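Undergrad: sequence and predicted structure, then a few things I'm wondering about:
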Amino acid sequence: MQGIVFDIKRFAVHDGPGIRTTVFLKGCPLRCFWCHNPEGIDAEPIQSVKKIKLDEFEFNKKEDVGIAFSVDQIMDMILKDRVFMEESGGGVTFSGGEPTLQPEFLLELLKECKREGLHTAVDTCGHTSRQTLSNILSLTDLFLYDLKHYDSLRHEASTGQSNDLILDNLEFLLRSGKKVRIRIPVIPGFNDTTHDLKTIALLLTSFHGTVEQVDLLPYHTTAQHKYKRFGVNNRMVGVKALKKEELAGAKKVFEGKGFKVKIGG
């Protein structure tokens, strides 16, 4: 079995506990204005041109974004770092894009990771089928769950999809007793007002089950060069990045509702 992967990040420390290998699967059902992995949105491989400078010379190099890998090939790369994972309490995180868009490939990867005794995390936007979540439930130690807005219409206007399915799936995961860490990208002009944040915090208190932690992820501009490189329309031109200290008030909002909160991933 093969799947399409557009990046593999070794020694990752922001995608779950400890030192991790993060595998980025291609394809996403959302079209978020602020997406920091625009090359992972389309499910199919694409080709881009990468500029390389050596001294005064500049070269254009064609680069494939999205490569077909077998489960065995991915596991070979993951297991190279087993010792770092074990010593740090880390493991493997499957991200994207949206990893559940390749459900069979993701399922087989998770099975192999559990056979090897590795801690597993799935970073998901939540817009996926209940059957897919049910299939991976017992094989996933931690869900990193994106929550972008409480209002369905505003969510759809900025991501291309309503949040109805996302909220239903979040309720399902929490009721199942799985460890769930909520990740909220704080985006200027979208969900960064005190009202927005208080309402999201209040929404989280309505679910049955325990949220392990809330991660507030400040909007950043480090990925903007990708939009030009991959020919994707950048709808966040001119929007300034948020500094971590600017989210101190947001942190207090969620702490006031009893949540453990971290600024950053």
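TA: On my side now, so go ahead. Numbering: from 1, shown residues only.

Undergrad: could you pull out the strands in this protein for me?
TA: Using DSSP state E, the strands of the chain run over 2-12, 20-25, 46-54, 57-65, 67-70, 91-95, 119-124, 142-146, 179-186, 213-218, 261-263.

Undergrad: same list as before, those that is, but in TSV and with mean pLDDT included.
TA: TSV is the format used below for these (pLDDT from 0 to 100):
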stretch	mean pLDDT
strand 2-12	97
strand 20-25	98
strand 46-54	74
strand 57-65	77
strand 67-70	96
strand 91-95	98
strand 119-124	98
strand 142-146	98
strand 179-186	98
strand 213-218	98
strand 261-263	97
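
Undergrad: could I get these as JSON lines with mean neighbour count and distance to residue 161?
TA: C-beta coordinates here come from the backbone N, C-alpha and C atoms, glycine included. Below are these laid out as JSON lines (neighbours: other CB atoms under 10 Å; distance: least, CB to CB, whole Å):
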{"stretch": "strand 2-12", "mean neighbour count": "18", "distance to residue 161": "21"}
{"stretch": "strand 20-25", "mean neighbour count": "25", "distance to residue 161": "18"}
{"stretch": "strand 46-54", "mean neighbour count": "10", "distance to residue 161": "22"}
{"stretch": "strand 57-65", "mean neighbour count": "10", "distance to residue 161": "23"}
{"stretch": "strand 67-70", "mean neighbour count": "15", "distance to residue 161": "27"}
{"stretch": "strand 91-95", "mean neighbour count": "26", "distance to residue 161": "18"}
{"stretch": "strand 119-124", "mean neighbour count": "24", "distance to residue 161": "13"}
{"stretch": "strand 142-146", "mean neighbour count": "23", "distance to residue 161": "12"}
{"stretch": "strand 179-186", "mean neighbour count": "21", "distance to residue 161": "15"}
{"stretch": "strand 213-218", "mean neighbour count": "20", "distance to residue 161": "19"}
{"stretch": "strand 261-263", "mean neighbour count": "18", "distance to residue 161": "26"}
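
Undergrad: any idea how far residue 118 is from the closest residue to residue 84 other than its chain neighbours?
TA: In this structure, residue 84 finds its nearest non-sequential neighbour in residue 19, 4.6 Å apart by CB to CB, 6 or more residues apart in numbering. Counting by CB to CB, to the nearest Å, the gap from residue 19 to residue 118 is 12 Å.

Undergrad: need the contact list for the residue lying closest to residue 97 once chain neighbours are set aside.
TA: Spatially, and ignoring its direct neighbours in sequence, residue 97 is nearest to residue 40 (3.7 Å; CB to CB, 6+ apart). Residue 40 makes contacts with 6, 7, 24, 25, 26, 27, 28, 96, 97, as judged by CB atoms under 8 Å, 6 or more residues apart in numbering.
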